[in-house]
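Asker: Provided below are the primary sequence and the corresponding predicted coordinates.
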Amino acid sequence: MNLSPTELTSQLVERLPIRHSPGVSDALALAGAELARLGLDHDVRPYGDAQQITATHAFSAAGPHVIVNAHIDIEPFLHDNAAQAPREPGRVYGPGASDMLGGIAATIAVLRGLSARDGLTGRITVQLVVGAHQGGAGTTDLLAGLLAGQVTGQGLPAPDLAVIPEPTGGHVCTAAYGLARYQLQSTGDAGTMAMATDRTNAATHAATALLALNAADQELRRLYPTRQQFRYVLPGLLHAGHDAAEPAASAVVEFAVALPPLLPHEVALDVVRRHLSDRFEAGGLPLPSWESGTPRFPATDLGHRAFAEVLRNVNPALGWCQYPCPSDARAFQDAGVPVVLYGPGELSRTRRPGEYVETGELEEFAATLGSALAHWLTTTEARR
C-alpha cells in the first residue's frame, strides 16, 4: 500500500536519521522501498559511512531532465527535558519533519502522480543525499558521477533544472545565502584578580569583540534590510579563561557571517573590521588576531526564474525569497545547473524541540510541485 505524504513523513521521522547514525540507512531504505514501488530505475551508492539514492523515471528519450534533490540526514537536535507543549492535530512532529523529511515524502507523492500520467516528456531524477550540512559533498559526488557519464556517452543526460525542497515557508527561492566562519583570538596576562586590568584580561577583549560584532550586524541590517530581518553576523561561541577570579590569559570568539548574493562578502567584512577597530581602540586594547574557519559556502544565485514563475502561476500565494541558509544549491551552481528552492515547512521550526510540518503544507507542496512539473514536462513555451 502506498503511504501518504503524512504517513511517510511520520515513518521517516521515526527512523531518526541523524547524520552518521544508523537511522540514516533506515530512512534511506524506507524511502528507497517507496521509490522502488513506483517502478523507478534507482541506484543505491555508498558514500562515506552511509548511502545515497538516485532514482529516475523516464517519460521519453527527449525532453527536459529535472532533478529533485533532498538531504535525508538531519542535524543533531537539542534535547528538551521540560514538559512538551500540547501537540496540535494536523501536524507531524519530530526531528527532521520540517527539514526536510516532509519534503522527501511529498516529493515521492509527486512522482507517484506524475508516473501515472500520459503525454509527459523528458525525465525526473530524485537524489536522496547525505552531507548537505557539511559542504554538500554528497550532492557534489552524485553530480560528478552524472557528468562523468555524459562525457563517456553513458548514463543520464545533463539536467536542465534542479528543485530542492528545503522548508521555504510558502516562498519560492532562486538564491541562497552563503556562510563563512571566523575566529578572533586575544591574549591577556595571567595573574591575580587584584592586579587585573582590561588590557590584561582577555575576557574583556572577548566582551569588546561581542559588542563590536553586534554593532556590525546592526549596521549591515540597516544598509541591507530584509523582510525577515535575519542576522548577517552571529557571534556563537566564546571561550575565555578557567577561573572567574583570575584574568583570562587567552580568549577566543567564533562568529559566522551569512550573506545573500547581493551583499558582497568583503563589504560585510570591512564593516566588521571597522567596528572591531573602533571598539578596541576606544578601550585601549590590542586588536585580536583573525583566522578563517570551515566549512565555508558561497552564496548562490543561479536560480531558475522560468520554473519559479511556473510554480507561482500554479500557486499565486507563493512569495519570493532568498533562502537564508546555505544549501546544496551551491553544488548545482558549481555544475552550471539552475536551481529553485521550494518545500513544505518553516526553517524557523528546525533543530529545536517540537519541530513539525503541517499536513496542509505537505499537501499544498505536492499539489503545487506536481502541477508545475506536469506543465514543465508538456509545454515547450514554459521552458523558454
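Answerer: Done, it's in.
Asker: show me what contacts the spatially closest residue to Ala335 that is not a sequence neighbour?
Answerer: Excluding the flanking residues, the one nearest Ala335 by Cβ to Cβ, 6 or more residues apart in numbering is Leu143, at 4.9 Å. Placement of C-beta: from N, CA and C, glycine included. By Cβ atoms under 8 Å, 6 or more residues apart in numbering, the contact set of Leu143 is Ala331, Phe332, Ala335, Val337.
Asker: so where does Ala206 fall, helix or strand?
Answerer: Take DSSP states H and E as the rule and Ala206 turns out to sit in helix 202-223.
Asker: which strands and helices sit next to that helix?
Answerer: strand 178-187, strand 233-240, strand 250-259, helix 265-282 (3 or more Cβ pairs under 8 Å, 6 or more residues apart in numbering; DSSP states H and E).
Asker: Now tell me what touches the longest one from outside.
Answerer: Outside helix 265-282, the residues that touch it by Cβ under 8 Å, 6+ apart are 178, 180, 184, 205, 208-209, 211-213, 215-216, 219-220, 223, 232-233, 257, 259, 286-288.
Asker: which among these end up buried?
Answerer: With neighbours counted by 16 or more other Cβ atoms under 10 Å, the contacts of helix 265-282 contain buried members at 178, 180, 184, 205, 208-209, 212-213, 215-216, 219-220, 232-233, 257, 259, 288.
Asker: quick one: which of the contacts of Leu143 has the most company?
Answerer: In terms of neighbours by other Cβ atoms under 10 Å, the contacts of Leu143 top out with Ala331 at 27 neighbours.
Asker: wait, that one sits on Asp141?
Answerer: No: with contact defined as Cβ atoms under 8 Å, Ala331 does not count as touching Asp141 (9.1 Å).
Asker: need the contact list for the residue nearest the centre of the chain.
Answerer: Residue closest to the average C-alpha location in the chain (Cα atoms, centre = their mean): Ser327, at 3.7 Å. Going by Cβ under 8 Å, 6+ apart, Ser327 touches Ala132, Gly136, Ile164, Glu166, Ala176, Thr300, Leu341.
Asker: Which helix or strand contains it?
Answerer: Applying DSSP H and E, one finds Ser327 in no helix or strand.
Asker: Make 45 the starting number, not 1.
Answerer: Sure, I'll start counting at 45 from here, so that last one is Ser371.
Asker: got a list of what the closest residue in space to it that isn't next to it in sequence touches?
Answerer: Excluding its sequence neighbours, the residue lying closest to Ser371 (Cβ to Cβ, 6+ apart) is Ala220, at 4.9 Å. Neighbouring residues of Ala220 by Cβ under 8 Å, 6+ apart: Ala343, Thr344, Gln366, Tyr367, Pro368, Cys369, Pro370, Ser371, Ala373, Arg374, Leu385.
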